[in-house]
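>>> show me the folded form of this:
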Amino acid sequence: MHDSHTEASLPARAAAAFSRFAEKYGERSLADCLNRNRQRGIADSDYDCESEAETVRLLLEGTGPDSILETERLSLREMTRDDLPALRAILQDPVVMTAYEGAFSEEEVEQWLVKQQLRYAHDGFGLWAVLDKVTGKMIGQCGLTMQDANGRQVVEVGYLFRRDHWHRGYATEAARACKRYAFDVLDEDEVFSIIRDNNLASQAVARRNGMEPRGMFVKHYRGVEMPHIIFSAYRP
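Reported below is the predicted structural model:
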């Protein structure tokens, strides 16, 4: 929770923005963002922005997205609001989002982005933007998130790519790099991918990523019961 000394030293408009941010996303999320930004050298006085939207963006994004890792063809970094058009191309494509029971609304796309940004602040990781090194364009998302695997909290490799970039090996390339990151940087002993039973393409990526099925459980999402297969790989 942010302390009263910090709030007392803030200009009124920043303090109001902080309060509304905490009401919307929770006190813990506000504290996570503030602590992360302090580590980046952002002072409390820096939040005296012209608008509340600018203050919120500074809270969520700090001085800019962190670069996470690179592969032969791809670079992965944190997502920002500048990535919303690329996110829409993924999350509002009904074919890409078949496993989610359909395309996202504009509000759901915004919520998705903020959820990843709050994960960056709290966990130090989330789904990251995947950029084609040649074009510099965002072609997908891949990264690590904390997920429930039938009652157990686990680190999952997740991936979602633009439909016009399927069948080129990008998802496998990015997923393998994220798995290595989980082992080498996060020091995890086991890494997971939790995939809907009818999502055969994502299951194939998990297998190419050295994962094997370990079990199954049912998720409830958008009013639908969705059987999911738990894939995992152990540290070599």
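>>> what is the mean pLDDT for stretch 198-218?
Predicted confidence along stretch 198-218 averages 97 (mean pLDDT).
>>> and it, how far apart are its ends?
The stretch stretch 198-218 measures 13 Å between its terminal residues, going by CA to CA, to the nearest Å.
>>> equivalent analysis for stretch 39-58, please.
When the termini of stretch 39-58 are compared using CA to CA, they are 14 Å apart.
>>> and the residue nearest the centre of the protein?
residue 127 (2.7 Å; CA atoms, centre = their mean).
>>> can I see the domain layout of the chain?
In terms of domains, the chain is parsed into 4-61, 67-234 (source: automatic domain parsing).
>>> ranking these by mean pLDDT, which is last?
Of all the domains of the chain, domain 4-61 has the smallest average pLDDT, which comes to a mean of 88.
>>> which residues of this protein fall in helices?
Listed in chain order, the helices of the chain (DSSP state H) span 4-9, 12-25, 27-39, 52-61, 84-91, 106-123, 170-184, 200-208.
>>> please identify the deepest-packed of those helices.
Greatest average neighbour count among these goes to helix 170-184 (a mean of 21), per mean count of other CB atoms under 10 Å. In short, each C-beta sits where N, CA and C put it, glycine included.
>>> helices or strands next to that one in the packing?
In terms of contacts (3 or more CB pairs under 8 Å, 6 or more residues apart in numbering; DSSP states H and E), helix 170-184 is packed against strand 67-70, strand 74-77, strand 138-148, strand 153-161, strand 190-196, helix 200-208.
>>> how does it look with 10 Å?
Contacting helix 170-184 under the criterion 3 or more CB pairs under 10 Å, 6 or more residues apart in numbering; DSSP states H and E are the following elements: strand 67-70, strand 74-77, strand 127-132, strand 138-148, strand 153-161, strand 190-196, helix 200-208, strand 224-234.
>>> against residue 129, how distant is the closest residue to residue 117 other than its chain neighbours?
Using CB to CB, 6 or more residues apart in numbering and skipping residues adjacent in sequence, the residue nearest residue 117 is residue 60, 4.3 Å away. When CB to CB, to the nearest Å is the yardstick, residue 60 and residue 129 sit 14 Å from each other.
>>> what of residue 47?
With distances defined as CB to CB, the gap from residue 47 to residue 129 amounts to 25 Å.
>>> with residue 141 instead?
For residue 141, the distance to residue 129 equals 6 Å [CB to CB].
>>> using CSV, write out every CA atom in stretch 87-106.
Output for stretch 87-106, consisting of C-alpha atoms alone and laid out as CSV, is shown next (Å, rounded to 0.1, in the frame of the first residue of the first chain):
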residue,chain,number,x,y,z
LEU,A,87,-3.0,-6.0,-30.0
ARG,A,88,-6.4,-5.3,-31.7
ALA,A,89,-5.1,-7.2,-34.8
ILE,A,90,-4.6,-10.3,-32.6
LEU,A,91,-7.3,-10.1,-29.9
GLN,A,92,-10.1,-8.9,-32.2
ASP,A,93,-9.5,-11.6,-34.8
PRO,A,94,-12.2,-14.2,-34.2
VAL,A,95,-10.1,-17.0,-35.8
VAL,A,96,-7.1,-16.2,-33.6
MET,A,97,-9.4,-16.0,-30.6
THR,A,98,-11.3,-19.3,-31.2
ALA,A,99,-10.0,-20.8,-28.0
TYR,A,100,-11.3,-17.8,-26.1
GLU,A,101,-14.8,-18.2,-27.6
GLY,A,102,-14.5,-15.2,-29.9
ALA,A,103,-13.0,-11.8,-30.5
PHE,A,104,-12.4,-9.3,-27.7
SER,A,105,-14.3,-6.0,-27.4
GLU,A,106,-12.3,-2.7,-27.3
